[in-house]
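Q: sequence and predicted structure below; questions after.
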Amino acid sequence: MLHHTFTTSDDMTDTAQKPIRLTISITPEVHAAFTRLSAASGQSMSSCMGEWLGDTLDAVEYTATLMEKARMAPKMVMREVHAYALGLVDETGAVLNAMRSGQPITDIPFTAQKVRADRAAAASDEPKGGGGRRRAGSPPPCNTGGKVPSGKRQARGGKST
């Protein structure tokens with residue numbers, strides 16, 4: 001591991017906004033990549049790394065929040081991650097459909113609000129109260145305890161012998 005000291009100045013609480021210097025361990029591959037970025041941008045490697053970390057701050061905040069929630073309520077977080085993955089499926093599906101139809105990809109609106117609106121519209125189209133579409137073999141939407149009647153019913157109220 002290589003050690004690299006760099007400075008970051010994002011979200012400083014000190015009134016003078018003094019940069020905080022850190023020493024971090026990085027792999028040779030990371031070092032090589034930031035060396036290339038530094039040379040291409042004309043900035044020091046420290047500035048490149050600090051800027052990169054500042055640019056990805058939203059992702060770090062999101063990840064930190066998700067991990068904090070996961071410690072308290074793992075099932076809830078898994079549902080959130082699952083919903084996020086479904087959103088990605090929606091977006092990649094839109095890109096694939098656009099590519100098939102010849103629509104420029106830049107014309108596709110990718111917003112979380114659009115995905116939520118599309119899902120809400122789809123949900124409002126579904127019948128309420130459990131009626132409508134039901135897979136064969138699944139229990140009816142009533143209190144049967146999950147038991148599905150099997151075939152022929154016996155007549156009730158007949159004479160006993």
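A: Alright, I've got the coordinates.

Q: secondary structure class for S25?
A: Under DSSP: H, G, I helix; E, B strand; the rest coil, S25 falls in the strand class.

Q: show the pLDDT at it.
A: Predicted confidence (pLDDT) for S25: 93.

Q: tell me how far it lies from N97.
A: Per CB to CB, to the nearest Å, S25 is found 44 Å from N97. All C-beta atoms are positioned from the backbone trio N, CA, C, and that covers glycine.

Q: where does this structure have low pLDDT?
A: Within the chain, the ranges that satisfy pLDDT under 70 run 1-16, 105-161.

Q: could you pick out the longest helix of it?
A: Among the segments of the chain that qualify as a helix by DSSP state H, the longest is helix 74-101.

Q: tell me where the protein has helices.
A: Counting by DSSP H, the helices of the chain are 28-41, 45-55, 57-72, 74-101, 112-125.

Q: how many residues are close by the nearest residue to Q43 once chain neighbours are set aside?
A: Distances taken as CB to CB, 6 or more residues apart in numbering put E51 closest to Q43, at 7.4 Å, once the chain neighbours are dropped. E51: 17 surrounding residues under other CB atoms under 10 Å.

Q: got it, and the one 10 residues further on?
A: Under the neighbour criterion other CB under 10 Å, E61 is assigned a count of 11.

Q: can you list contacts of stretch 73-83?
A: 66, 69-70 (CB atoms under 8 Å, 6 or more residues apart in numbering).

Q: in a markdown table: these, plus neighbour count and distance to V30.
A: As requested, the contacts of stretch 73-83 are exported to a markdown table (neighbours: other CB atoms under 10 Å; distance: CB to CB, whole Å):
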| residue | neighbour count | distance to V30 |
| --- | --- | --- |
| L66 | 13 | 24 |
| K69 | 13 | 29 |
| A70 | 15 | 26 |
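
Q: reformat those as TSV; add distance to R21.
A: Shown next, in TSV, are the contacts of stretch 73-83 (distance: CB to CB, whole Å):
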residue	distance to R21
L66	29
K69	31
A70	31
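
Q: just the residues you listed now: which is nearest S101?
A: Using CB to CB, L66 comes nearest to S101 of the contacts of stretch 73-83, at 35.1 Å.

Q: what sits against that closest one?
A: Here L66 is in contact with 77, 80-81 (CB under 8 Å, 6+ apart).

Q: ok, of those residues, which come out buried?
A: For these, a neighbour count by 16 or more other CB atoms under 10 Å gives the buried set as V77.
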